[in-house]
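Participant: Generate a structure from the sequence data that follows.
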Amino acid sequence: MYQPAVEAMERRELAQLQERRLLETVRRVYAHVPFYRSKLQQAGIDPESFRGLAELTRLPFTRKSDLRDQYPFGLFATPLADVRRLHASSGTKGKPTVVGYTERDLRLWSEVCARALVTAGGQPGDVFHNAYGYGLFTGGLGMHAGAERLGMVTVPVSGGGRMRQWTLIEDFSPRVIAGTPSFILSLGEAMIQAGKHPRNSSVKVGIFGAEPWSEEMRQELEALWGIHAVDIYGLSEVVGPGVAIECWQAKEGLHIAEDHFLVEVIDPHTEEVLPEGEVGELVFTTLTKEALPVLRYRTGDLASVTSEPCRCGRTHRRMSRVKGRIDDMLIIRGVNVFPMEIEPIVMAQPELSPHYQLVVEKEGSMDRLTVEVEVLESSFNLVDFSALTKRLEGALKENLGVSVRVRVTMPGSLPRSEGKAVRILDRR
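Facilitator: This next block holds a predicted model:
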């Protein structure tokens, strides 16, 4: 462990730490953020009499729309002169969400990312190939700072440029690689097409996130690269990468850095807190952020949380893989369909590559979903396209509860990810 005294802390001691930090956070936002002061006053909460964890559910929710409405710096709890870095979302659905970091924030962020790297199997002195995007996206710079803090040899290659990526892997011999699972998968395939095999590389640990991915995708990546593939979770509004990560020993849920982030799972419709083990919307409250603390931030990500002990010895609660996003949900003829439900079904077909795309179109007054998949080069001359289409359509209907169309395409015809995979093509 990177910080065993914290990561293996007794639950009662951890709760006391969370209590103290929660009270400090509530006082901080009340004093310095007019938006939160108004929200807390409306909820009848006085920071001096607030009882902490026992009254957590009295605190107001924060939504992504609140960050957009307060654009750019309305939710900051420090003067802009005390901020040392800004990051922002792409803003493709309106105003971007802007997040800021003080010098202390950056130090604590590098700490949780260093902790995450060790949890995944990284070690000081390892060469770390960082294929997360740099720039306003938090992934690249967040993991970069964590790797340097841990004492890794950090290669800031960023995303894209497959030839450059595999050349650097050959020349620098990294032990750890990080990026989106879809991009690292396509990088491995490009290496094979060039007569190289990723299993022969130096890479032993893969840290993948920034997009939902399935257990079947993990198996594909581990077989392709010959690595331990672990899931990492984070979001800019909370801090960036480093909120939670799987341990390489178990890979049975992502350990949440609970000394920095307080987690709840709620029913996204009723907003009631759900019992442990039930899938709902993840909600996070930051406990140590200075520039942009958030209270009960609704992530839109669907997962469950458990307190069951992990064999690695860490005591912080674990979240499941993200099952999907509320805003990614498709309603096809009255049935809720999440893209992540489709990936395991596609990957179970041995004739198909792991690349797929979902096309949504209008058919009269209803939405129609077509699942576009591509056949493997090795299966192209052997496969019965009609039979494969019928089999996959049957499997999808059985698992999703609704009929969808399947279109089987030629090898290499679907787009390869240069960063986050674009799974849904909306033509409505």
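Participant: For stretch 277-297, give the mean pLDDT please.
Facilitator: Across stretch 277-297, pLDDT averages out at 98.
Participant: I'd like the distance from that stretch to the chain centre, please.
Facilitator: 14 Å (C-alpha atoms, centre = their mean, to the nearest Å).
Participant: For my notes, confirm Gly242 occurs in a strand.
Facilitator: Yes. Secondary structure of Gly242 (DSSP: H, G, I helix; E, B strand; the rest coil): part of a strand.
Participant: Give me the neighbour count for Ile177.
Facilitator: Ile177: 28 surrounding residues under other C-beta atoms under 10 Å. For every residue, glycine as well, the C-beta is placed using N, CA and C.
Participant: element containing the closest residue to it other than its chain neighbours, please.
Facilitator: Among residues not flanking Ile177 along the chain, His129 sits closest, at 4.5 Å (C-beta to C-beta, 6 or more residues apart in numbering). Using DSSP states H and E, His129 sits within strand 127-130.
Participant: Kindly format the C-alpha coordinates of that strand as PDB.
Facilitator: Taking C-alpha atoms only, strand 127-130 is exported to PDB below (Å, rounded to 0.1, in the frame of the first residue of the first chain):
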ATOM      1  CA  VAL A 127       8.300   3.300 -16.500                       C
ATOM      2  CA  PHE A 128       4.700   4.600 -16.800                       C
ATOM      3  CA  HIS A 129       3.200   5.000 -20.300                       C
ATOM      4  CA  ASN A 130       0.400   7.500 -19.800                       C
END
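Participant: What is the helix or strand following that strand packed up against?
Facilitator: Next along the chain after strand 127-130, taking DSSP H and E as the criterion, comes helix 138-150. In terms of contacts (3 or more C-beta pairs under 8 Å, 6 or more residues apart in numbering; DSSP states H and E), helix 138-150 is packed against strand 83-88, helix 103-120, strand 127-130, strand 153-155, strand 228-235, strand 240-246.
Participant: 10 Å - rerun?
Facilitator: Applying 3 or more C-beta pairs under 10 Å, 6 or more residues apart in numbering; DSSP states H and E, one finds that helix 138-150 makes contact with strand 83-88, strand 98-102, helix 103-120, strand 127-130, strand 153-155, strand 176-179, strand 228-235, strand 240-246.
Participant: for the record, mean pLDDT for the fifth one?
Facilitator: What that stands for is strand 153-155. Taken as a whole, strand 153-155 has a mean pLDDT of 98.
Participant: which other residues reach that strand?
Facilitator: With C-beta atoms under 10 Å, 6 or more residues apart in numbering as the test, strand 153-155 has contacts from 124-131, 143-148, 165, 168-169, 171-177.
Participant: Mind checking which of the residues you listed are buried?
Facilitator: In terms of neighbour count (16 or more other C-beta atoms under 10 Å), the buried residues within the contacts of strand 153-155 are 126-131, 143-148, 165, 168-169, 174-177.
Participant: wait, isn't Gly160 in contact with Tyr132?
Facilitator: No. In terms of C-beta atoms under 10 Å, Gly160 does not count as a neighbour of Tyr132; the distance is 11.3 Å.
Participant: Give me the more crowded residue out of the two.
Facilitator: Taking other C-beta under 10 Å, Gly160 and Tyr132 do not tie; Tyr132 has more neighbours (28 against 14).
Participant: Just give the nearest non-adjacent residue to that one, would you?
Facilitator: Distances taken as C-beta to C-beta, 6+ apart place Gly139 nearest to Tyr132, at 3.6 Å, with adjacent residues excluded.
Participant: Give me the sheet partners of the strand holding His129 and which way each runs.
Facilitator: strand 153-155 (parallel), strand 176-179 (parallel) (DSSP bridges).
Participant: got the ones you listed as TSV, with distance to Val305 columns?
Facilitator: Compiled in TSV, those are given as follows (distance: least, C-beta to C-beta, whole Å):
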stretch	distance to Val305
strand 153-155	31
strand 176-179	24
